[in-house]
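**Student:** Pasting the sequence and the predicted model now:
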Amino acid sequence: MRGPGGGTGLLDGATIMVTGASSGIGAAAARLFAAEGAAVVLMARREDRLRELAEEITASGGKALASPGDVTDPDHVNRVVTETVRTYGALDGAFNNAGWATAGKPLHETDDSVFTQALDVNLRGVWNCLKAQISAMLESGTGGSIVNTASIAGVLATGATAPYIAAKHAVIGLTRAAAEEYGQRGIRVNALVVGSTRTELIEDVLKSAPHLEEAYTTRSVQRRMAEPVEVAQAAAWLCSSRASFVTGAAVPVDGGWTAA
Ligand SMILES: NC(=O)c1ccc[n+]([C@@H]2O[C@H](COP(=O)([O-])OP(=O)(O)OC[C@H]3O[C@@H](n4cnc5c(N)ncnc54)[C@H](OP(=O)(O)O)[C@@H]3O)[C@@H](O)[C@H]2O)c1
């Protein structure tokens, strides 16, 4: 990570790209990272939301750039990374958090389009981001820290749809592979094993399958869903130099779901 930018924040002086920044965990992370001193680059498809959030962050004294795009398209991701480097000089960190899930049918009744979308957004999106971000970090030669959003569905069959479970398992695999390949060049790569968190994605799933609310909380030892900022706090720490010896990890932020 780059050196301190003169403030006292956890991420002071860093430039961090956040995908899925238009809502939920990504929006909470953008606000938190900026409050901790980072310049944040916001990526998602809903441009109006990104602009509003960037204005909000800037109005409270932070640095933010709205850079809309679709993570499934490598050209969009490359453009965002290029814009980041042009605007702020380097890319120090990334929170690859864009994701998509839907309430599902049993595997054999699931439409192939659900498989395609789950894999495209959750896995190919992270793939596209890793390629572009690692290239930029290698070019600057100052290392970096990347955090990918996986899920409890990345380590267990939670009852989510099979394509989502497969994609999130693969995100953890990609995370470990990238950590292993770039560890000696100063780039750390970690994943968050996120438990049920009260965001739009979950609210959408609950609208079509209200019975899942109980399933979302009963296995967690805290018996509740997370607020988005609680997940963002773990991402901030992993992006920061305080997590300097943590790489290749799949860190549970799940209220104890995977512990018991
Ligand atoms: N909420 C939970 O309980 C939970 C649990 C485990 C893991 N997660 C993971 O946490 C992450 C964030 O989800 P969330 O809960 O915060 O849900 P959310 O509020 O629905 O956020 C999803 C974000 O991803 C973005 N996105 C979706 N498709 C995209 C695409 N093709 N290109 C760019 N951005 C895209 C959305 O923005 P646009 O629509 O504007 O593009 C939105 O900002 C996801 O990876 C999800 O799988 C969530």
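**Tutor:** That came in fine, so what should we check first?
**Student:** what's the neighbour count on A54?
**Tutor:** A54 has 22 neighbours, counted by other Cβ atoms under 10 Å. Quick note: C-beta positions are derived from backbone N, CA and C, even for glycine.
**Student:** any chance you could map the helices in this protein?
**Tutor:** Here the chain has its helices, by DSSP state H, at 24-35, 47-59, 74-88, 112-119, 125-140, 162-182, 200-208, 212-218, 228-239.
**Student:** near the ligand, which residues of this protein?
**Tutor:** Applying Cβ under 6 Å from any ligand atom, we find that the chain lies next to the ligand at 19-26, 44-46, 70-72, 97-101, 121, 149, 151, 194, 196-197, 199-202.
**Student:** Now the buried members of these.
**Tutor:** Buried members of these, scored by 16 or more other Cβ atoms under 10 Å, are 19-26, 44, 70-72, 97-101, 121, 149, 151, 194, 196-197, 199, 201-202.
**Student:** OK, contacts around the spatially most central residue of the chain?
**Tutor:** In the chain, the residue lying closest to the centroid (Cα atoms, centre = their mean) is N97, at 2.1 Å. By Cβ atoms under 8 Å, 6 or more residues apart in numbering, the contact set of N97 is 18-21, 25-26, 29, 147-149, 235.
**Student:** wait, which of the helices of the chain is closest to G13?
**Tutor:** Nearest to G13 among the helices of the chain is helix 74-88; the distance by Cβ to Cβ comes to 10.2 Å.
**Student:** R79 reaches D70, doesn't it?
**Tutor:** No. The criterion here is Cβ atoms under 8 Å, and R79 misses it with D70 at 10.7 Å.
**Student:** ok, and what's touching stretch 80-87?
**Tutor:** Outside stretch 80-87, the residues that touch it by Cβ under 8 Å, 6+ apart are 15, 17, 39, 41, 43, 65, 67, 69, 91, 132-133, 135-136, 140.
**Student:** Out of those, the closest to A250 would be?
**Tutor:** Looking at the contacts of stretch 80-87 and their distance to A250, the nearest is Q133, at 18.8 Å (Cβ to Cβ).
**Student:** Kindly spell out which helices and strands sit in contact with the helix or strand of the chain with the lowest mean pLDDT.
**Tutor:** The helix or strand of the chain with the poorest confidence is helix 200-208; it has a mean of 81 (mean pLDDT, DSSP states H and E). Packing contacts for helix 200-208, counted by 3 or more Cβ pairs under 8 Å, 6 or more residues apart in numbering; DSSP states H and E, involve helix 212-218.
**Student:** contacting residues around the closest residue to A28 other than its chain neighbours?
**Tutor:** Spatial nearest neighbour of A28, excluding adjacent residues (Cβ to Cβ, 6 or more residues apart in numbering): P228 at 3.7 Å. Taking Cβ under 8 Å, 6+ apart, we find P228 in contact with 24-25, 27-29, 197-199.
**Student:** Quick check: the two most widely separated of those?
**Tutor:** Using Cβ to Cβ, the contacts of P228 span at most 15.0 Å, a distance reached by A29 and R198.
**Student:** From A103, how far out is the closest residue to G26 other than its chain neighbours?
**Tutor:** Leaving aside its sequence neighbours, G26 sits nearest to G20 (Cβ to Cβ, 6+ apart; 3.6 Å). From G20 across to A103, the span is 19 Å (Cβ to Cβ, to the nearest Å).
**Student:** What degree of burial does D48 show, as a neighbour count?
**Tutor:** Neighbourhood size, D48 [other Cβ under 10 Å]: 10.
**Student:** So that it lines up with my notes, have the first residue be 58 from now on.
**Tutor:** Got it, first residue is 58 now, which makes that one D105.
**Student:** Give the full set of residues in contact with it.
**Tutor:** No residues are in contact with D105 under the rule Cβ under 8 Å, 6+ apart.
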